[in-house]
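J.: below are the sequence and a predicted model; questions follow.
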Amino acid sequence: MGEVEKKKEFGTNSIEMDDFGPQLRLLKANDQIRELQTTIRNKATSRGDFVFYADRLIRLVVEEGLNQLPYKETVVTTPTGCQYNGVQFEHGNCGVSIMRSGEAMEHGLRDCCRSIRIGKILIQSDDDTSEAKVFYAKFPPDIHKRRVLLMYPILNSGNTVIQAVRVLEEHGVKDNMIVLLTIFCTPNGIRSVINKYSAITILTSEVQPVTPNHFGKKYFGTD
């Protein structure tokens with residue numbers, strides 16, 4: 001296959017989603033989402049535009065992530081005195097961002113859930129072994145009772161997310177209570193995570209062999 005053909009294939013959605021089972025949830029593709037993904041990947045995009053378009057895509061992922069949480073039926077009274085049968089979130093949700101890039105998703109989550117509790121995990125690669133290690137973790141004290149929206153924009157190898165889930169498990173969180181919110185995923189990253197934690201849910205906007213690994217540096221202006 002020639003170089004031009006490789007580049008062509010990279011821009012398609014040829015990955016078979018059925019390969020990953022029900023653990024993977026993918027935003028429904030449309031031209032708006034494709035435009036956001038294209039602008040984020042474009043090396044000519046200014047940082048201001050990058051942040052603007054990234055925030056829009058994050059918001060779409062977060063809102064769909066909220067659909068993965070449990071709701072319960074409720075009845076409210078309208079200003080005209082009518083009864084309305086609706087739904088509301090069940091209590092017991094929280095967010096956890098994997099620092100630093102995961103912090104880019106916190107604003108989008110707070111825009112949708114103003115009072116939601118958010119914890120943090122710092123994971124870095126060891127200089128000698130290149131192994132992902134946890135350097136810092138702070139969670140709500142009752143996180144073992146909560147459903148967790150784990151935020152990490154780029155799922156590449158899956159090693160960082162696996163370490164984060166391991167720490168959450170050590171604090172009593174079961175993997176079936178975790179929804180990973182991510183923007184771009186590789187097939188290998190998804191397989192690594194779901195092979196290790198078969199009950200976790202992964203929600204993303206795109207699955208491609210190559211991810212925009214410049215995301216964190218570009219978003220925070222450290223590139």
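T.: Happy to help now that I have it.
J.: what mean pLDDT does the longest strand along the chain get?
T.: Longest strand of the chain, by residue count under DSSP state E: strand 117-125. In this model, strand 117-125 has a mean pLDDT of 90.
J.: buried residues, it. List them.
T.: Within strand 117-125, the residues scored as buried using 16 or more other CB atoms under 10 Å are 118-123. The way it works is simple: take the backbone N, C-alpha and C, and place the C-beta from them, glycine included.
J.: want to throw those residues into JSON lines with distance to Leu60?
T.: Shown next, in JSON lines, are those (distance: CB to CB, whole Å):
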{"residue": "Ile118", "distance to Leu60": "19"}
{"residue": "Gly119", "distance to Leu60": "23"}
{"residue": "Lys120", "distance to Leu60": "23"}
{"residue": "Ile121", "distance to Leu60": "24"}
{"residue": "Leu122", "distance to Leu60": "26"}
{"residue": "Ile123", "distance to Leu60": "26"}
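J.: Val96: which of these is nearest?
T.: Checking the buried residues of strand 117-125 against Val96 with CB to CB, the nearest one is Gly119 at 4.4 Å.
J.: go through the buried residues of strand 117-125 and say which is closest to Phe135.
T.: Distance to Phe135 across the buried residues of strand 117-125 (CB to CB) is lowest for Leu122, with 4.7 Å.
J.: for that closest one, give me its contacts.
T.: Each residue near Leu122 by CB atoms under 8 Å, 6 or more residues apart in numbering is listed here: 98-100, 134-137.
J.: same check, this time on Phe139
T.: 94, 96, 119, 168, 171.
J.: for Asp175, same thing?
T.: By CB under 8 Å, 6+ apart, the contact list for Asp175 reads 165, 169, 197-200.
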